[in-house]
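# Give me a 3D structure for the following:
(3 chains)
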Amino acid sequence: MDLYGRDLITTQEWSKAELDVVLELAARMKRDRFSERWTKVLAHKTFFMFFYNPSVRTRQSFECAATELGGHAQFLVPETMRLKTATTAGETIEDAAKVMSRYACGIGIRILEDKVPYYGAGTELLREYAYWADVPVVNMADDRFHPFQGLADVMGWAEWFGGGPGRPDYTRLQGKKFVLTWAQGALARSWCSVQEALLIASRFGMHITIARPDGYDLDPEVIEWTRQNCQAWGTSLEITNDPVRCMDGAHIVYARNWMSPNAYQDGQFKKQEEIAKALSYQGWTLDAAKMARTDNAIFTHPMPVDRGNEVTDDVASGPNSVIYLVAENRLHVQKAVMALTMGNL
Amino acid sequence: MDLYGRDLITTQEWSKAELDVVLELAARMKRDRFSERWTKVLAHKTFFMFFYNPSVRTRQSFECAATELGGHAQFLVPETMRLKTATTAGETIEDAAKVMSRYACGIGIRILEDKVPYYGAGTELLREYAYWADVPVVNMADDRFHPFQGLADVMGWAEWFGGGPGRPDYTRLQGKKFVLTWAQGALARSWCSVQEALLIASRFGMHITIARPDGYDLDPEVIEWTRQNCQAWGTSLEITNDPVRCMDGAHIVYARNWMSPNAYQDGQFKKQEEIAKALSYQGWTLDAAKMARTDNAIFTHPMPVDRGNEVTDDVASGPNSVIYLVAENRLHVQKAVMALTMGNL
Amino acid sequence: MDLYGRDLITTQEWSKAELDVVLELAARMKRDRFSERWTKVLAHKTFFMFFYNPSVRTRQSFECAATELGGHAQFLVPETMRLKTATTAGETIEDAAKVMSRYACGIGIRILEDKVPYYGAGTELLREYAYWADVPVVNMADDRFHPFQGLADVMGWAEWFGGGPGRPDYTRLQGKKFVLTWAQGALARSWCSVQEALLIASRFGMHITIARPDGYDLDPEVIEWTRQNCQAWGTSLEITNDPVRCMDGAHIVYARNWMSPNAYQDGQFKKQEEIAKALSYQGWTLDAAKMARTDNAIFTHPMPVDRGNEVTDDVASGPNSVIYLVAENRLHVQKAVMALTMGNL
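A predicted model of the protein is given here:
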């Protein structure tokens, strides 16, 4: 299997066999992190990180990944790029991408809902870069998808139910009940992480439950893909507005705030309105009482965690929390994808 | 020939033989980009990139160059430097340069017309750093000169007329007709790239034609140096205000907007006035009709290209466009100069 | 002696023997800067530099240190970290520190008085990071302490009175007269550098004199620690408001502006008031007449120097100025501490 030169916009567009190769390599890299097998893979090569939106984990882990593969990640922001926009003269994406391809072995882009005029425009921008670039373009989170978060999630879950850190067993995820629940919160969060989680959880054979208040539906196309993934495995997909009973028998609980489909109005992202609305709900904080209904479920979250709103401290810092395990995996899955698509591995 | 420790402010101050050494090394580096002959030259060394102005190509290509030579480029901006200015207390250039010399193997500086009170002040600042620093200071574009762009330009032209990418033949440039034409545009561009192009084109034996509207003359000293360079080769220098007939028989066409000599008024750079004036001209966009008058000329430009204003898409993306070839060469000529002036090569 | 995993908040919390180990290694690293003994110590490792406040020397020298040890320093600013604050939702320090520990071999933090609501809150923040992080947290300057500046200072002084650059002799400092004098200035400077200088000068057996106008006392706890350090050596501690006679017989003169204890009012740092007050004093600029009273003293300063206010040019650039020697040592002491606490040395 040759992944050299491949773009990664969402895990849904890679075959299950391709994802398996990535995840197997990520586990090997985690078990033997600084082995010389990996530290020369991008030796003296440059990876461009292009941040339309700032980031915590993503910037830290991608720059770290490039360093551990022997290369270097350049931190770029569009303010310094003099790109053409609807209202300003500047460089086209065609020109930017073609020249970047001559300097770098790959390009990562992050662009979220508050930097685009409508839902989906972030993914479209990534696809335009991918079209023109001669090197792989990978999605460091856009308004729809977050493939590296999804890969890190599923790796962490498989480590928990498998042999522990660095020893994931993905077959153990088959038939498990995965609950994604909306949560209160003061950050009006993107759909990208939760949508990618739905896609990848359903790719790995889990039963899917989505709990959210009425009015907080996610992208219909992503829900349809999730349904198709479930059909292929013969697993179930349930959508409910009950934040409590959804927990019964759960093995994995993913509690996170997300914005409503009405967040865009008149070409603008209405963040403050979304936050006010989200904070008005009661009963959507994940707590120990809800966790007690599950089948000893783990708590998972892509971080940063909005403690007190999304989840109580005792759950977020409890023995079944996998948040740090998953966060660390960002590094390993990114190294694996970069090595396979941009390197000589 | 020993270039170790040399500053590079403009190619005009380096001998032809010195430029030949740089360009020959750049071609070898391009042909064998990640050879171990180059990847240890700046091993564990630091290069400071000091950006008074943001940049696209320059930042990407210099940081990439340091990485490919085994070193690391630090991205510095003056806002974080607490430097002394006319109105604020702070550190002198003497102190900043002397300490930077103890940490780094070289210093690159970029400062354009909008960050200085009068034309030429950018070059003066570079010379002050070069005076105090104990390591090479190289010009990453100032208000007068852009030596690495000039080197990349001439390398790209010599590749086209020579043996292709990585196989430039500089003798093929002798006697060619080089046309620099002013162009409409919405960016009020610096003189640095076009002036460096005039200087280096005339150093390599080309006939020079400058076409610009009345009122858009460039730096008289640069024009005088160009005239002297032409005299040494016995080539011609022509200046015209006809954007069409200048094309007759051209081999290389360089079309770019630049600001007028009146851009500075009362110690301020009047960017908006310049843009308004530049956009008022008609007939100064390079198009296929003009290119048809040439001797199958190539189109060259330092990028970013203001498509639609400076040049039509069919020319910018046409088969005779060398813009990406030249842009890539930024990397190679920068690696060559850094290796020779700062490294152990 | 095993320093692996140790935090460094202030030199006062490390034993004299531990400081000796650091300083001996720093001298060896300075004598043989790019030896392979050091260039692999942090190979492929990431060091996070977290700048609440911008910096000149600190950023340049830490990033350079990581590069020279074979690793990479990531430049992070809190604006991009989405951290929880008193008024905004976001990530807790617990979560941030725990995840950073999984990516990096160490964390450096800089936070000065203008970013915290009261004096001491900067050090408290560092201690909170150090509590949660599983990797060393080192102080890149907070509102109270600046351990790397102190180490660089004492190394430079011991080089001057010892065998020259790279050959410090710390026994020569014993019994010397160290004068710290407040100075006029337009920058309202932090207490961190001067307090660390007092602590480390008194740790190495010097007599201490502090000269400052009434109303410019430093942290009483730091003064008390300095007194205890002097008692252990049997040396003297004198505090005076006479900027002239304090110089008599001095061997080391450290002249620097600092803010008054009244700089914080109502939870805000009153920078402009402090500058206005500081500039109103006369007779507190260090000049040749004062230096003539000393025992051929050296002039030392952590830079940036506010020439003309803190010190005259002839002293700052005179033959007894050690400012560049000390500034270079920032690099070497930082490499030594990073190698010992984060590396395999």
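
# Those residues of the stretch 101-250 of chain A touching chain B, which are they?
A:102-104 (C-beta under 8 Å from any C-beta of the partner chain). Backbone N, C-alpha and C define where each C-beta goes, glycine included.

# Please flag which of those residues sit within helices.
A:102-103 (DSSP state H).

# what's near enough to touch A:Glu328?
Shown in contact with A:Glu328 (C-beta atoms under 8 Å, 6 or more residues apart in numbering or on different chains): A:30, C:99, C:102-103.

# Derive a ChimeraX selection command for the buried subset of those residues.
Buried subset of these, written as a ChimeraX selection, criterion 16 or more other C-beta atoms under 10 Å in any protein chain shown:
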select /A:30 /C:99,102,103
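
# from the contacts of A:Glu328, which two are the most distant?
Using C-beta to C-beta, the contacts of A:Glu328 span at most 15.1 Å, a distance reached by A:Lys30 and C:Val99.

# Show me where the stretch 201-345 of chain A has its strands.
A:207-211, A:237-240, A:252-256, A:264-265, A:268-269, A:298-300 (DSSP state E, counting those that start in this stretch).

# same question but for the stretch 1-150 of chain A, I mixed them up
A:46-51, A:72-76, A:106-110, A:137-139.

# Please identify which of the ones you listed is closest to C:Phe62.
Once these are compared by C-beta to C-beta, strand A:72-76 is nearest, at 16.3 Å.

# what lines up beside the closest one in the sheet?
Applying DSSP bridges, strand A:72-76 is found paired with strand A:46-51 (parallel).

# can you redo the strands of the stretch 1-150 of chain A as TSV with distance to B:Trp160?
Converted to TSV, the strands of the stretch 1-150 of chain A look like this (distance: least, C-beta to C-beta, whole Å):
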stretch	distance to B:Trp160
strand A:46-51	26
strand A:72-76	29
strand A:106-110	27
strand A:137-139	29
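
# circling back to that earlier point, out of the contacts of A:Glu328, which one sits closest to B:Arg203?
C:Tyr103 (49.2 Å).

# pLDDT score for the closest residue to that closest one other than its chain neighbours?
Leaving aside its chain neighbours, C:Tyr103 sits nearest to A:Cys64 (4.6 Å; criterion: C-beta to C-beta, 6 or more residues apart in numbering or on different chains). We note a pLDDT of 98 for A:Cys64 in this prediction.

# Who are the contact partners of A:Cys64?
With the criterion set at C-beta under 8 Å, 6+ apart, A:Cys64 makes contact with A:331, C:46, C:74, C:103-104.

# one more time with 6 Å, if that's ok
A:331, C:46, C:103 (C-beta atoms under 6 Å, 6 or more residues apart in numbering or on different chains).

# Kindly provide the distance from the first one to C:Gly318.
Just to be clear, that refers to A:Leu331. 51 Å (C-beta to C-beta, to the nearest Å).

# And these two? Which one has more around it.
A:Leu331 (26 against 14; other C-beta atoms under 10 Å in any protein chain shown).

# quick one: A:Cys177 and chain B, what's the gap?
For residue A:177 the amino acid is Lys, not Cys. With distances taken as C-beta to the nearest C-beta, to the nearest Å, A:Lys177 is found 47 Å from chain B.

# er, A:Gln149 I mean
Using C-beta to the nearest C-beta, A:Gln149 is found at 27 Å from chain B.

# My guess is that residue contacts A:Val194. True?
No. Using C-beta atoms under 6 Å, A:Gln149 is not in contact with A:Val194, being 9.4 Å away.

# Now pLDDT too, for the residues of the stretch 101-250 of chain A next to chain B, in TSV please.
Below are those laid out as TSV (pLDDT from 0 to 100):
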residue	pLDDT
A:Arg102	98
A:Tyr103	98
A:Ala104	98
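
# List the buried residues of stretch A:109-125.
A:109-116, A:119, A:121-123, A:125.

# which ones are touching A:Ala152?
Counting by C-beta under 6 Å, 6+ apart, the residues that A:Ala152 touches are A:326, A:329-330, A:333.

# Which pLDDT value goes with the nearest residue to A:Glu79 once chain neighbours are set aside?
Closest residue to A:Glu79 apart from its sequence neighbours, by C-beta to C-beta, 6+ apart: B:Pro54 at 7.2 Å. For B:Pro54, the pLDDT comes out at 85.

# Could you check how far B:Pro54 is from B:Asp314?
30 Å.

# Looking only at neighbour counts, state which of these two leads.
The residue with more neighbours, out of B:Pro54 and B:Asp314, is B:Pro54; 15 against 11, by other C-beta under 10 Å.

# Kindly report the residues of the stretch 1-150 of chain A close to chain C.
The stretch 1-150 of chain A comes close to chain C at residues A:34, A:39, A:54, A:56, A:60-61, A:63-64, A:67-68, as judged by C-beta under 6 Å from any C-beta of the partner chain.

# Got phi/psi on A:Ala297?
phi -70, psi 160 (degrees, to the nearest 10).

# Can you name the residues of the stretch 151-300 of chain A that neighbour chain C?
Going by C-beta under 6 Å from any C-beta, the residues of the stretch 151-300 of chain A near chain C are A:186-187.

# Okay, helices next: where are they in the stretch 151-300 of chain A?
For the stretch 151-300 of chain A, helices defined by DSSP state H, counting those that start in this stretch occupy the ranges A:192-203, A:220-233, A:271-279, A:288-292.

# List the contacts of the first one.
Residues outside helix A:192-203 that contact it (C-beta under 6 Å, 6+ apart): A:11-12, A:141, A:145-146, A:149-150, A:153-154, A:178, A:180, A:208, A:218, A:222, A:226, A:229-230, A:254, A:256, A:258, A:302.

# Over to A:Gln282: give its phi and psi.
Torsion angles, degrees, to the nearest 10, at A:Gln282: phi -120, psi 150.

# Tell me, how many residues neighbour it?
8.

# Report the separation between it and B:Gln231.
Using C-beta to C-beta, A:Gln282 is found at 85 Å from B:Gln231.

# Around A:Val326, how many other residues sit close by?
Neighbour tally, A:Val326, other C-beta under 10 Å: 25.

# and the gap between it and B:Tyr131?
54 Å.

# same check, this time on A:Pro220
Taking C-beta to C-beta, one finds A:Pro220 at 65 Å from B:Tyr131.

# Between the two, point out the one with more neighbours.
More crowded of A:Pro220 and B:Tyr131, by other C-beta under 10 Å: B:Tyr131, with 12 against 9.

# residue contacts, the nearest residue to that one once chain neighbours are set aside?
In this structure, B:Tyr131 finds its nearest non-sequential neighbour in B:Ala97, 7.9 Å apart by C-beta to C-beta, 6+ apart. Neighbouring residues of B:Ala97 by C-beta under 6 Å, 6+ apart: B:129, B:132-133.

# Tabulate those in a markdown table, adding columns for neighbour count, pLDDT and distance to B:Tyr170.
Below are the contacts of B:Ala97 laid out as a markdown table (neighbours: other C-beta atoms under 10 Å in any protein chain shown; pLDDT from 0 to 100; distance: C-beta to C-beta, whole Å):
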| residue | neighbour count | pLDDT | distance to B:Tyr170 |
| --- | --- | --- | --- |
| B:Tyr129 | 20 | 96 | 31 |
| B:Trp132 | 16 | 97 | 35 |
| B:Ala133 | 23 | 98 | 31 |
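
# from these, which is closest to chain A?
Distance to chain A across these (C-beta to the nearest C-beta) is lowest for B:Tyr129, with 21.6 Å.

# Next one: the closest one from B:Pro78, what distance?
Counting by C-beta to C-beta, the gap from B:Tyr129 to B:Pro78 is 12 Å.
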